[in-house]
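A.B. asks: Below is the structure, and that's it, no one-letter string:
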């Protein structure tokens, strides 16, 4: 976005001097209340991004447009979201690009959907819970607008996939092994299957199932994110890190199963 001036209707991130972050939508005449004071939306509207706004207690807040990572961590959620560190890896591991036809099952709160859509993918979603589907739609539309290629059906992906010649199948659900056979039929040759799982036992079962079907080049990764404290001569890893969140397993769809592979 080239316009640095903040406008009514936009989402902004307010950051206080202790790095506490607040995600709000600017509305004329509204106010945002925090323990550190009240911020008038009208004081933010028309101001430049990257500036400071003073609240009712004379404490200042940095004002920025939120990144996708900010939105994912602060947006309303019905289900646990996939963390930004894993979302970035999914884009690369599944090789997501503009115009790709992607089936996403286990929509959750829409964090992965937002990431895929912003990368230009066309999303067909399967979700078994109507409340999760509604929350995902609300989050996606609030961030990207309603004019995005995002179609969710309330259905169980373990019972089958209607779509054919998909470029990618991405799963965030407890038993992706039950979807492998369906994905084999739904994916085009060369397409990529990827699943996000919290435990290694689930991942082991998935790898065994992929081995039994027309998939190859299987890979499982775990992403650990550690930040560093750097201040003058004090240089050390931060005391806290985002360690295990899940295992990402991907594989390529072949024309047919390779015997003995």
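C.D. replies: Arrived safely. Just so it is clear, the structure is predicted and the values come from calculations on it, not from any experiment.
A.B. asks: Show me where the stretch 1-150 of the chain dips below the pLDDT cut-off.
C.D. replies: Applying pLDDT under 70 to the stretch 1-150 of the chain flags the ranges 1-3.
A.B. asks: What segments of it are strands?
C.D. replies: 11-15, 21-25, 31-34, 37-40, 52-54, 60-64, 101-105, 122-127, 150-154 (DSSP state E, counting those that start in this stretch).
A.B. asks: for these, which one sits closest to residue 221?
C.D. replies: Across those, the minimum distance to residue 221, taken as CB to CB, is reached by strand 101-105, at 19.2 Å. The way it works is simple: take the backbone N, C-alpha and C, and place the C-beta from them, glycine included.
A.B. asks: residue contacts, residue 164?
C.D. replies: Counting by CB atoms under 8 Å, 6 or more residues apart in numbering, residue 164 touches 185-186.
A.B. asks: which helix in the chain runs the most residues?
C.D. replies: What stands out as the longest helix in the chain, according to DSSP state H, is helix 130-144.
A.B. asks: Can you spell out which helices and strands pack onto that one?
C.D. replies: With contacts defined as 3 or more CB pairs under 8 Å, 6 or more residues apart in numbering; DSSP states H and E, helix 130-144 has these neighbours: helix 68-74, helix 111-118, strand 122-127, strand 150-154.
A.B. asks: The ones you listed: which one's closest to residue 7?
C.D. replies: Evaluated with CB to CB, the helices and strands packed on helix 130-144 place helix 68-74 nearest to residue 7, the distance being 17.4 Å.
A.B. asks: For the closest one, give me every contacting residue.
C.D. replies: 11, 13, 21-23, 66, 81-84, 87, 111, 114-115, 118, 139, 143.
A.B. asks: Buried residues of it, list them for me.
C.D. replies: Residues of helix 68-74 classed as buried: 68, 70-73 (neighbour count, 16 or more other CB atoms under 10 Å).
A.B. asks: Please identify which of those residues is nearest to residue 207.
C.D. replies: Comparing those against residue 207 with CB to CB picks out residue 72 as the nearest, at 27.6 Å.
A.B. asks: so what are the domain limits for the protein?
C.D. replies: Per the record, the chain has its domains at 11-66, 70-253, by automatic domain parsing.
A.B. asks: Span of the shortest one from start to end?
C.D. replies: Distance between the boundary residues of domain 11-66 (CA to CA, to the nearest Å) amounts to 7 Å.
A.B. asks: circling back: relative to residue 160, which of the strands of the stretch 1-150 of the chain is closest?
C.D. replies: So among those, strand 122-127 is nearest, using CB to CB, at 9.8 Å.
A.B. asks: Sheet partners, orientation included, of that closest one?
C.D. replies: Counting by DSSP bridges, the strands paired with strand 122-127 are strand 101-105 (parallel), strand 150-154 (parallel).
A.B. asks: would you list those in a markdown table and tack on distance to residue 125?
C.D. replies: Output for the strands paired with strand 122-127, formatted as a markdown table (distance: least, CB to CB, whole Å):
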| stretch | distance to residue 125 |
| --- | --- |
| strand 101-105 | 5 |
| strand 150-154 | 4 |
